[in-house]
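# need coordinates for the following:
(2 chains)
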Amino acid sequence: MKRSWASLEEFEKFLDHGGIVEPVDDMPREYRQAVFDFIEMHANSELMGGLTERDWIPKAPGLRHKMSVIAKTQDEIGHAHLLYMIAADLKIKTREEMMQDLFAGKSKFHNVFHYRAKTWGDQVAIAFLVDAAALVSQQAVFKNCSYGPYKRILRRIIAEEGFHLRFGEESVLRIAEGTEVQRSMFQESINDWWWPALQLFGPDSKPNDLLLRWYIKSERNEILRDRWIQKFVPLLQGYGFTIPDSGLRRNKEKDRWEIGPIDWEPLKQTMVMGGPDSARRISEASDSWKKTGWVREALEKVSA
Amino acid sequence: MRIYEVFLKADGKEEFRHAGSIEAPTDELALVLARENYARRAEGTRMWVVDRKNICVSEEGFIDANLNKSHRHNDGERVAKWRKSQRNKKSDD
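Here you go, the predicted structure:
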């Protein structure tokens, strides 16, 4: 059952041949930690994303949107649930410890959930730009992921994020076809969310990135970011909106969009819980965890 | 809490497939939680959940013994060669 490797080199050779690691395997400590950190951050992000989504259930315009937002909320919380489960299986932290670390600001979640969604336009911009960015990076992980349980769960997550993306696209279309007030509201949302969404991919990957070496990620951050840019610049422009980047230009010879310099300072702030909405988000998440404690207690009682 | 493995059967001739696992305190709740986590969008028509402790797992290498039994994999080469030679004979005539 349990496989082990004599050295890190042996293990890396196994990965190079397309080997898939399972939780029962005696994987190298560094790999276990790296996979755990990656999945924990993904789980945290799904949870924080789900909670933002939940905030918009009462505020979504119309019953159809409300129902879609409810379904999305359930999806995101469901993703978090499955991800926390496989993260806990790695036996580095228990689920309870992961929750406590999240509420204490000790573990990370995606930069975009450190900002406040103020209007429905913001929520649509998130559904369109951020969900797409998340999908681009999840697809890249899924393609070549060496950790079996994560790869299997990503297949489900990606399928469901596909529905979210379509919902985002449809909502953008509705706004684009709407009144001047709606269009200018959405333009403001693009102005606010373009850069955070773009920064979700992180700075350029380092040449010796271990996540790449161990097939936890399969593509470099800058490549994923560029793929997203090439897709979303023409899409937004096609709907008649502008991109808040004065350095943006079309390179005709290469047939590509090139963007201006990226200011990484806001991303750094979010990584240390210093984003504009970090504190409120974390305390909301903590409150929600406390309020739902009775469910966990009830389950514990039945199992006892 | 117990860990359950979840299997879904898509439809018709499809076989049951492993969908993932779920923690639940009882069989009944395992079915409910498995539905809510793995079957929200008509992913299947039937579902099994199995308490992980009831699954018998083979030791590493237990089924490897059958990897090299080439006599179980007749490749049809000999007959194919013969047929080809027969065809060539005919076309020579």
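
# without its sequence neighbours, what residue ends up closest to A:L47?
A:A80 (4.0 Å; Cβ to Cβ, 6 or more residues apart in numbering or on different chains). C-betas here are computed from N, CA, C, even on glycine.

# what's the local residue count around that neighbour?
20 (other Cβ atoms under 10 Å in any protein chain shown).

# show me what the helix or strand where it lies is packed against.
When elements are assigned from DSSP states H and E, A:A80 belongs to helix A:63-89. On a contact count with 3 or more Cβ pairs under 8 Å, 6 or more residues apart in numbering or on different chains; DSSP states H and E, helix A:63-89 meets helix A:29-55, helix A:95-103, helix A:148-176, strand B:16-24, helix B:27-38.

# my guess is A:I282 contacts A:M99. True?
No - in this structure, A:I282 is not within contact of A:M99 by Cβ atoms under 8 Å, at 11.4 Å.

# any shared contact partners between these two?
When Cβ atoms under 8 Å, 6 or more residues apart in numbering or on different chains defines a contact, no residue borders A:I282 and A:M99 alike.

# residues in contact with the nearest residue to A:F113 once chain neighbours are set aside?
Setting aside the residues directly before and after it, A:F113 is nearest to A:M48 in space (Cβ to Cβ, 6+ apart), at 4.0 Å. Applying Cβ under 8 Å, 6+ apart to A:M48 gives the contacts A:F109, A:H110, A:F113, A:R281, A:A285.

# which pair of the residues you listed spans the longest distance?
Spanning the widest gap among the contacts of A:M48 are A:H110 and A:A285, at 13.4 Å by Cβ to Cβ.

# from A:C145, how far out is A:L165?
In this view, A:L165 and A:C145 are 20 Å apart by Cβ to Cβ, to the nearest Å.

# and these two? Which one has more around it.
In this view A:L165 and A:C145 are compared by other Cβ under 10 Å, and A:C145 has more residues nearby, 25 against 16.

# quick check, pLDDT for that one.
The model reports A:C145 with a pLDDT of 95.

# hmm, it is touching A:L154, no?
Yes - using Cβ under 8 Å, A:C145 is in contact with A:L154, at 6.6 Å.

# got a list of what whichever residue of chain B sits closest to chain A touches?
Residue of chain B nearest chain A, by Cβ to the nearest Cβ: B:P25 (3.0 Å). B:P25 makes contact with A:L299, A:E300, A:V302, A:S303, B:M1, B:R2, according to Cβ under 8 Å, 6+ apart.

# quick one, what contacts the nearest residue to it once chain neighbours are set aside?
What sits nearest to B:P25 in space, not counting adjacent residues and going by Cβ to Cβ, 6+ apart, is A:S303, at 3.0 Å. A:S303 is in contact with B:M1, B:R2, B:P25, B:T26, counting by Cβ under 8 Å, 6+ apart.

# A:S303 and A:K93, how far apart?
For A:S303, the distance to A:K93 - Cβ to Cβ - is 21 Å.

# show me what from chain B comes close to chain A.
B:1-2, B:19-26, B:29, B:36-38, B:40-41, B:57, B:59-60 (Cβ under 8 Å from any Cβ of the partner chain).

# which of these are buried, as a PyMOL select command?
Only the buried entries of the residues of chain B next to chain A go into this PyMOL selection, using 16 or more other Cβ atoms under 10 Å in any protein chain shown:
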select buried, chain B and resi 2+19+20+21+22+23+24+25+29+37+38
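
# how close does A:V35 sit to A:Y84?
14 Å.
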